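Visitor: Sequence plus the predicted model coming up.
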Amino acid sequence: MDEIETGFEKLMQKIDELHKSEKSLTAKVKENDAKLLGKMAKSAVPVVKIVGLNMLRMGKEDTKGEIYDPAYYPQKMIILGKVDSGGFRPDNPAKAITDQFCVLSEDAELFELMYSYDGFLTDSYLNPIDPRRAIDVYGYDIMFMLYRAMHDYLEAEEKLVGALDTVVNYVFGRAQ
């Protein structure tokens, strides 16, 4: 019975040591979370250039709610998060924000994309923000969404390469 108790005590000691290390490392990650987001953003640039969207800068809405005569931002972006602002745009305090997103541009820059709608015109303001402010406003979800976007892109690329390999093997009669 002593061997079991001794082994169990060693397990408990190792668990305690791991908990102490976990707390220390967690604190260090939290201290550097903005730095991590900035590095992730820079690393994601090649993928953002491929899968990013051209976001609406301005457009007019018809009576059916369809946008016509749209103008888009020149750089591609991916959406990382959304908040319910309820506030007003910094460029024009008379314009209420109807939708507000955190986006990452193909230039590795983070922005708050703020949309306003006056009943006829949807326009936006692209407010640059640093990683610290992005985390403070949008939370850690934006880091997860950036990671998830890269993960999903990798998964899709693996499937595409696998399918192309299958086709090449079929065309050239190679056994799999």
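Guide: Yes, it's here. Numbers count the residues shown, from 1 in each chain.
Visitor: thought residue 128 was touching residue 113?
Guide: No: at 10.7 Å, residue 128 does not count as touching residue 113 under the criterion of C-beta atoms under 8 Å. (Glycine included, C-beta is placed from N, CA and C.)
Visitor: Distance check, residue 3 against residue 15.
Guide: Plainly put, residue 3 is 19 Å away from residue 15 if you go by C-beta to C-beta, to the nearest Å.
Visitor: Look at those two and report which has more neighbours.
Guide: Neighbours were counted for residue 3 and for residue 15 using other C-beta atoms under 10 Å; residue 15 has more, 10 against 7.
Visitor: what is in contact with residue 128 and residue 113 at once?
Guide: Common neighbours of residue 128 and residue 113, counting by C-beta atoms under 8 Å, 6 or more residues apart in numbering, are absent.
Visitor: pull the helix or strand with minimum mean pLDDT from the chain.
Guide: When each helix and strand of the chain is scored by mean pLDDT, DSSP states H and E, helix 2-31 comes last, with a mean of 89.
Visitor: Now do the helix or strand containing residue 102: which elements does it pack against?
Guide: For residue 102, the enclosing helix or strand under DSSP states H and E is strand 99-105. Strand 99-105 sits against strand 67-83, strand 110-117, helix 131-138, with contacts defined as 3 or more C-beta pairs under 8 Å, 6 or more residues apart in numbering; DSSP states H and E.
Visitor: That strand versus strand 110-117: what angle between them?
Guide: If you take axes from the mean of the first three to the mean of the last three C-alpha atoms, to 10 degrees, strand 99-105 sits at 140 degrees to strand 110-117.
Visitor: Strand 99-105 pairs with which strands, parallel or anti?
Guide: Next to strand 99-105 in the sheet, as set by DSSP bridges, lie strand 67-83 (antiparallel), strand 110-117 (antiparallel).
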